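Visitor: The amino acid sequence is not available; the structure is as follows:
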């Protein structure tokens, strides 16, 4: 996991920590960042040793302040579409990597930075976090999935208020509307993320993958089809060694030994 220029990555006790590392520009998302995010999440998604990914920004000022405006400023109609599609593909890779990804939102998460957090499985914010989609102040709309994921997460009117005003919301308001799942003191952010990650690592790996698959696939279809998908995954897991071990361990009142098969 070494050799990246714009991010850091370490794996410890089945938990990967990916840290955006462009502090001088508050981790602004440029082409190099997208290339390296894509590469690291492809690698982590394929690594059976990794069960959970924590994603954050170095320092306390920013998770990611947004897209690199030097690149955005050079776009025209054609290259703008390409830029948006590139960001969307990378964030979709994060969303569908098959592992829970927990965004640890420290400081600013604006524009593309907010959209990056939205693509994660869940979001834990520091008390100093500020999240928003200020693209309208640049004559733009969110282009990396914000217009689609934000309304699905917080509801249409709350999402439009954030997008149409371009104003950032603080951690408390973000928690109230469901934009983040928890708010903790800044100095407890990483430890809380690790605590949640360890709780996930402790349960059945195939069941975790099944929950992710059911929610992602089911969220894109009608309810009846979603229920069919749920039943399909439930049945698949009923035939696994982990299910047999889980039930047996519960009945015998002992610790479970997950095999991942």
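Guide: Looks like it came in fine. Everything numeric here is computed off the predicted structure, so don't read it as measured data.

Visitor: helix, strand or coil for the nearest residue to residue 17 once chain neighbours are set aside?
Guide: Using Cβ to Cβ, 6 or more residues apart in numbering and skipping the chain neighbours, the partner closest in space to residue 17 is residue 54 (4.6 Å). Every C-beta, even on glycine, is put in place using the N, C-alpha and C of the backbone. Following DSSP: H, G, I helix; E, B strand; the rest coil, residue 54 is assigned to strand.

Visitor: so residue 54 touches residue 200, yeah?
Guide: No - using Cβ atoms under 8 Å, residue 54 is not in contact with residue 200, being 10.9 Å away.

Visitor: Looking at these two, which one has more neighbours?
Guide: Neighbours of residue 54 and residue 200, each counted by other Cβ atoms under 10 Å, are more numerous for residue 54; the result is 23 against 18.

Visitor: got the residue ranges for the strands in the chain?
Guide: For the chain, the strands defined by DSSP state E occupy 7-12, 15-20, 52-57, 62-64, 101-105, 108-110, 122-126, 130-132, 169-170, 182-184.

Visitor: For the second one, which helices and strands make contact with it?
Guide: So the one you mean is strand 15-20. The helices and strands touching strand 15-20, judged by 3 or more Cβ pairs under 8 Å, 6 or more residues apart in numbering; DSSP states H and E, are strand 7-12, helix 31-46, strand 52-57, helix 189-201.

Visitor: let's see 10 Å
Guide: strand 7-12, helix 31-46, strand 52-57, strand 62-64, strand 101-105, helix 189-201 (3 or more Cβ pairs under 10 Å, 6 or more residues apart in numbering; DSSP states H and E).

Visitor: Run the angle between the longest one and strand 52-57 for me.
Guide: Per axes from the mean of the first three to the mean of the last three Cα atoms, to 10 degrees, the angle that helix 31-46 makes with strand 52-57 is 160 degrees.

Visitor: Quick check, pLDDT for the residue nearest to residue 45 when sequence neighbours are not counted.
Guide: The shortest distance from residue 45 to any non-neighbouring residue, by Cβ to Cβ, 6+ apart, is to residue 97 (3.7 Å). On pLDDT, residue 97 comes in at 95.

Visitor: With the one 3 residues further on instead?
Guide: According to the per-residue confidence, residue 100 scores 98 in pLDDT.

Visitor: Buried ones in the lengthiest helix in the chain, by neighbour count?
Guide: Taking DSSP state H as the criterion, the chain has its longest helix at helix 77-95. For helix 77-95, the neighbour count (16 or more other Cβ atoms under 10 Å) marks 83, 84, 86, 87, 88, 90, 91, 93, 94, 95 as buried.

Visitor: With residue 71 as the reference, measure out to the first one.
Guide: Plainly put, residue 83 is 7 Å away from residue 71 if you go by Cβ to Cβ, to the nearest Å.

Visitor: which residues are common contacts for the two?
Guide: Residues touching both residue 83 and residue 71 (Cβ atoms under 10 Å, 6 or more residues apart in numbering): residue 31.

Visitor: For the closest residue to residue 217 other than its chain neighbours, report the pLDDT, please.
Guide: Ranked by Cβ to Cβ, 6+ apart and with sequence neighbours excluded, the top spatial neighbour of residue 217 is residue 229, at 5.1 Å. Note for residue 229: predicted pLDDT of 97.

Visitor: re the thing from before, check whether the residue nearest to residue 45 really touches residue 41, as I assumed.
Guide: Yes - using Cβ atoms under 10 Å, residue 97 is in contact with residue 41, at 5.0 Å.
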